[in-house]
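**Q** Let's see this in three dimensions:
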Amino acid sequence: MPDQPLVEFRTAPERYRHWRLAIEGPVATLVMDVDEQGGLVPGYELKLNSYDLGVDIELYDAVQRLRFEHPGVRTVVLTSGKPKIFCAGANIRMLAAAPHGWKVNFCKFTNETRNGIEDATAHSGQTYLAALNGTASGGGYELALACEHIMLIDDRSSAVSLPELPLLGVLPGTGGLTRVSDKRHVRRDLADYFSTKAEGVGGKKAVQWRLVDETVPRPRWDETVAERAAELAARSSRPDNAEGVALTPLAKTRDDDSITYDHIEARLDRDAGRVDISVKGPQNDPPASIAGAREQGAAFWPLTVTRELDDLILDLRTNQAELGTWVFRTQGDPATVLAYDELLLTSASTGDWFANEVLHYLKRTLRRLDVTSRSLIAVIEPGSCFAGSLLELALAADRSFQLAGVFEDTDPDAEPATITLGDINVGPLTMSNGLTRLQTRFWGDEPGLGLITFAPDDIDWDEEIRIATEERASFSPDALTGLEANYRFAGPETMETKIFGRLSAWQNWIFNRPNASGPDGALRRFGTGQRAVFDRKRV
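**A** Take a look at the predicted model:
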């Protein structure tokens, strides 16, 4: 991909180029109308509502804002602003030209956004309705699959399809195959036929095979979409008259060696191939009530620090691929962190929409960390505040180091380093496997000792951290990605773990193979009139 840009994930509706958002009472309509000339980098046109990373960044922002800024919205209708086409999926020219890492990160972020849509439906009372007013193919159909209800216009030409295998030599990389089988319960034999039929399936057959929920004739389209949206809205528990919380712009500065927010600082050590990330706990006590938290808005510490962590993960993952080890530290008062956690938990348990949204946002951000292909190390020193919600950073780490005692030569009177469990660690912050990080850590065992990996004393401290990080940098990044993805998700398989596990394995392998990405592969030859040349060996 020529001139790969430094990608910025912060945006706002007034800067959208590809989406339009309209709200009428409890129903929001999110219209996909992709600017053909609005690609993130030059070299391709976003025809037929095809998308690149820039399109999905706007979608992610819209999903977040609907949850926080519009608590009265109960149904979100996803539809197209272009005639006869809902979405043609990921742009093929972009995929063909993109380096391998870009493709994989693109697929990962796209699927995390789809997961956010499903999470809004499941936990926020904001149900997504896909109104397919034209053909939805590839990633376009995968976007529809993330919605609770799928409507397809019955005009004898519109269809749904997953044509990646027959046309491109790849697979639906953002969960298409898994959602077809696990979520929509399409029979295996029908799913096999569907995924090898490039033109897809429409009309009554699409309903019979459970690929969509209903088809609607064009003359009744607008009326029926409105009816379904109203029906879904009537089932929601979202508040009627709540005032939303504006997601104001994040304060962020960056230079060649650092990325800094109000509560998080990341130091980029390119020679060592690592990032040192410091997270500050709250400087003030929490408000007396959740109403006070809503008044603080985006400045409410749990919301601010979650937004900062979310943005940092995306920034580093996309823009700093060679910095393969992230070292987490915290600083602050553990008791204050636990007090904020308690306010959120108590308020969410009584049905407060804002507390619920903050908790689920923190859950989704930690899950983004879990599926990030970086080695994660937590360093626990005197002055740390790995407590409650911030302890999750240490529980998410591949290794953690806690100083035994204090630094005798520099601060012998300091309070020793501690970690502190809270109620939030045994509740809402589940991983993709449906378990808390504590349950995952002790899978098959009774919870007990073992919350950290190693506890060196101050004599060995610096050397132990140095060896751990240098050793990590010496290993094969590909092998580490596979290692970490296997160990992080003990316990039951879920649709989400299947999607990310297969994305890491299938997509990493298939996208690298010459059958897809080689000079004569299907991605390269798509649209040229030439057939792809395949290595016919099955391995």
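**Q** Look at Asp379 and tell me its secondary structure.
**A** Quick fix: residue 379 is Val, not Asp. strand (DSSP: H, G, I helix; E, B strand; the rest coil).
**Q** Same check on Thr330?
**A** Quick answer, by three-state DSSP: Thr330 is strand.
**Q** wait, isn't it in contact with Val279?
**A** Yes: using Cβ atoms under 8 Å, Thr330 makes contact with Val279 at a distance of 4.8 Å. Glycine gets a C-beta too; all of them are placed from N, C-alpha and C.
**Q** These two: which is more packed in?
**A** Between Thr330 and Val279, counted using other Cβ atoms under 10 Å, Thr330 has the larger neighbour count: 26 against 23.
**Q** so who does that one touch?
**A** 278-281, 384-386, 390, 393 (Cβ atoms under 8 Å, 6 or more residues apart in numbering).
**Q** Looking at those residues, spot the one nearest Glu265.
**A** Nearest to Glu265, judged by Cβ to Cβ, of the contacts of Thr330 is Ser278 at 4.9 Å.
**Q** Residues that sit against both of Thr330 and Val279, list them.
**A** 390, 393.
**Q** Any stretches of this structure with poor pLDDT?
**A** Low-confidence segments of the chain (pLDDT under 70): 1-3, 504-508.
**Q** Now the longest helix along it: buried residues?
**A** Scanning the chain for the helix with the most residues, using DSSP state H, yields helix 100-123. Using 16 or more other Cβ atoms under 10 Å as the test for burial, helix 100-123 gives 101-121, 123.
**Q** ok, Tyr179 touching Ala144?
**A** To be clear, residue 179 is Arg; Tyr isn't right here. No: at 9.5 Å, Arg179 does not count as touching Ala144 under the criterion of Cβ under 8 Å.
**Q** okay, these two: which has more neighbours?
**A** Ala144 (27 against 23).
**Q** Give me the phi and psi for the more buried one.
**A** phi -60, psi -40 (degrees, to the nearest 10).
**Q** count of neighbours near the residue nearest to it when sequence neighbours are not counted?
**A** Nearest non-adjacent residue to Ala144, counting by Cβ to Cβ, 6 or more residues apart in numbering: Ala130, 3.8 Å away. Using other Cβ under 10 Å, Ala130 has 27 other residues around it.
**Q** what sits up against stretch 213-221?
**A** Counting by Cβ under 8 Å, 6+ apart, 133, 149-155, 202-204, 206-207, 224-225 sit against stretch 213-221.
**Q** That stretch: which residues count as buried?
**A** 213, 215-216, 221.
**Q** Which residues does whichever strand or helix holds Phe500 contact?
**A** Using DSSP states H and E, Phe500 sits within helix 495-502. For helix 495-502, the surrounding residues in contact (Cβ under 8 Å, 6+ apart) are 108, 111, 115, 174-175, 177-179, 182-183, 367, 371, 432-433, 485, 489.
**Q** let's see 7 Å
**A** For helix 495-502, the external contacting residues (Cβ atoms under 7 Å, 6 or more residues apart in numbering) are 111, 115, 175, 178, 182-183, 371, 432-433, 485, 489.
**Q** what's the answer for stretch 240-252, then?
**A** 10, 64-65, 68-72, 261-262, 294, 297-298, 307-308, 311, 353-354.
**Q** Restricted to buried residues, select those in PyMOL.
**A** Only the buried entries of those go into this PyMOL selection, using 16+ other Cβ under 10 Å:
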select buried, resi 64+65+68+69+70+71+72+261+262+294+297+307+308+311+353+354
